[in-house]
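Q: Prediction below, plus the sequence it came from.
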Amino acid sequence: MPESFFVLSKDYLELAIDEITAIAKMYDRFSKIKIISNLVIIQSKTNVDKIARRATFVKTSGQILRKMSGLFLDEENIGVLKNAKSFVCRVINLSSNQFNVPELESSMGDMISKFSHAKVNLENPTITVYLIFTNNENFFGFSKRTKEQIRPKKIKKYPHELDWKLTRVMINLIGIKKGETICDPFCGTGTTLLEAESMGIHGIGIDFDKKMCEIAKKNLKINNYHSEVLNSEFHELSKISEKFEGIVTDLPYGTASKTSEKPQEILKKFFSILPKRKKVAIMYKKEMDFNSKLNGLKKYHIYRHKSLTRTILIK
């Protein structure tokens, strides 16, 4: 079974590892996962690009050809360059050893040039060849050129709106699949809806603030997205629970929420009306935390600055 590699950003590393694992298991529940620091090796029938396109914190990804005990190349390895017009060599050093990376990349490039008809192209190569070093194992792999993903546009933003990366992570952590529907009962400017639709997931947004609903609708329209936006209180989600598979939201907090209710009260009421048997990802201010009666929870704490730490709760 093919093996893929994913080098993750070290920002929110626990989140990043759990996200890539959740995506792999969503597509193929028999996937085998190996973690070496911020390198994740996945053995799966799922194409590496399919996983990488959904993930948020992947810096580099590709397919592993073989483990290596030393730097050597043979006809099997060079086979990936058979129809490639151009290539570039990249060294990823995740070990404690020191390498002269530019020299190693240049030497590997010279070696490959002798065995293939492909030319070195540093800017936009057809194939990127990788040497990945860790303290225990080394890997030889490659990736093909792919189109850069287009980010959803927003015609209007808001200072306290949900961070798109954390939104995307929450959607992935609860394993919402393409063609399914999520609900954001505090949708604000529509970040959750935009990220969901960019992954082929339909969205239903609810917000009591009519102005926020209008902004969300405009942000959807400019991307030609078709998620639903309802101007209503969050209690509405219990009435429409049959329409969605999961809930992804950022609970309002502080004066920016424009609500007379205390944030802790909103959180308790929100938990009390959560529909059963739904996948749930909620972000809220850590200080609002309390012992809920929900089972199967996992929490992540996201430090933003000295006066704000967010909690992501996954069920």
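A: Right, received. Where do you want to start?

Q: Adjacent strands (with direction) for whichever helix or strand Ile282 is part of?
A: When elements are defined using DSSP states H and E, Ile282 is found to belong to strand 279-285. Strand pairing for strand 279-285, using DSSP bridges, gives strand 246-250 (parallel), strand 308-314 (antiparallel).

Q: where does this structure have low pLDDT?
A: Segments of the chain classed as low confidence (criterion: pLDDT under 70) are 68-79, 253-261, 290-296.

Q: Please parse it into its domains.
A: By the record's domain assignment, the chain is partitioned as 3-144, 164-314 (automatic domain parsing).

Q: re the thing from before, mind saving the C-alpha coords of the strand holding Ile282 as CSV?
A: Backbone C-alpha positions of strand 279-285 (Å, rounded to 0.1, in the frame of the first residue of the first chain) are rendered in CSV as follows:
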residue,chain,number,x,y,z
LYS,A,279,-20.5,15.7,15.5
VAL,A,280,-19.5,18.8,17.4
ALA,A,281,-16.5,21.2,17.3
ILE,A,282,-16.8,24.3,19.5
MET,A,283,-14.4,27.1,20.2
TYR,A,284,-14.8,29.4,23.2
LYS,A,285,-12.8,31.5,25.7
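
Q: if we can go back for a sec, which among the domains of the chain is found nearest to Lys157?
A: domain 164-314 (6.3 Å; C-beta to C-beta). All C-beta spots, glycine's among them, are computed from the backbone N, C-alpha and C.

Q: Relative to Met212, how far out is Met52?
A: For residue 52 the amino acid is Ala, not Met. The spacing between Ala52 and Met212, counted by C-beta to C-beta, to the nearest Å, is 32 Å.

Q: Mean neighbour count, the strands paired with strand 279-285: which tops it?
A: Relative to the other members of the strands paired with strand 279-285, strand 246-250 carries the highest mean neighbour count by mean count of other C-beta atoms under 10 Å, namely a mean of 26.

Q: which residues of the stretch 101-250 of the chain fall in helices?
A: Listed in chain order, the helices of the stretch 101-250 of the chain (DSSP state H, counting those that start in this stretch) span 101-115, 164-173, 191-198, 210-222, 236-239.

Q: show me what contacts the closest residue to Ser227 other than its chain neighbours?
A: The shortest distance from Ser227 to any residue that is not its chain neighbour, by C-beta to C-beta, 6 or more residues apart in numbering, is 3.6 Å, and that residue is Gly203. Neighbouring residues of Gly203 by C-beta atoms under 8 Å, 6 or more residues apart in numbering: 181-184, 192-193, 196-197, 227-228.

Q: ok, which pair from those is furthest apart?
A: Top of the distance list for the contacts of Gly203 (C-beta to C-beta): Cys183 and Glu197, 13.5 Å.

Q: Dihedrals phi and psi, the closest residue to Ser44 other than its chain neighbours?
A: Residue nearest to Ser44 in three dimensions, not counting chain neighbours: Ser31, with 3.9 Å by C-beta to C-beta, 6+ apart. In terms of degrees, to the nearest 10, the main-chain angles of Ser31 are phi -60, psi 140.

Q: Give me the neighbour count for Ser31.
A: Number of residues near Ser31 (other C-beta atoms under 10 Å) recorded here: 19.

Q: coming back round to it: rebuild the contacts of Gly203 as CSV, extending it with neighbour count and distance to Glu137.
A: Listed next are the contacts of Gly203 as CSV, based on neighbours: other C-beta atoms under 10 Å; distance: C-beta to C-beta, whole Å:
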residue, neighbour count, distance to Glu137
Thr181, 17, 42
Ile182, 28, 38
Cys183, 30, 43
Asp184, 29, 42
Thr192, 33, 39
Leu193, 32, 42
Ala196, 29, 37
Glu197, 19, 39
Ser227, 25, 44
Glu228, 17, 48
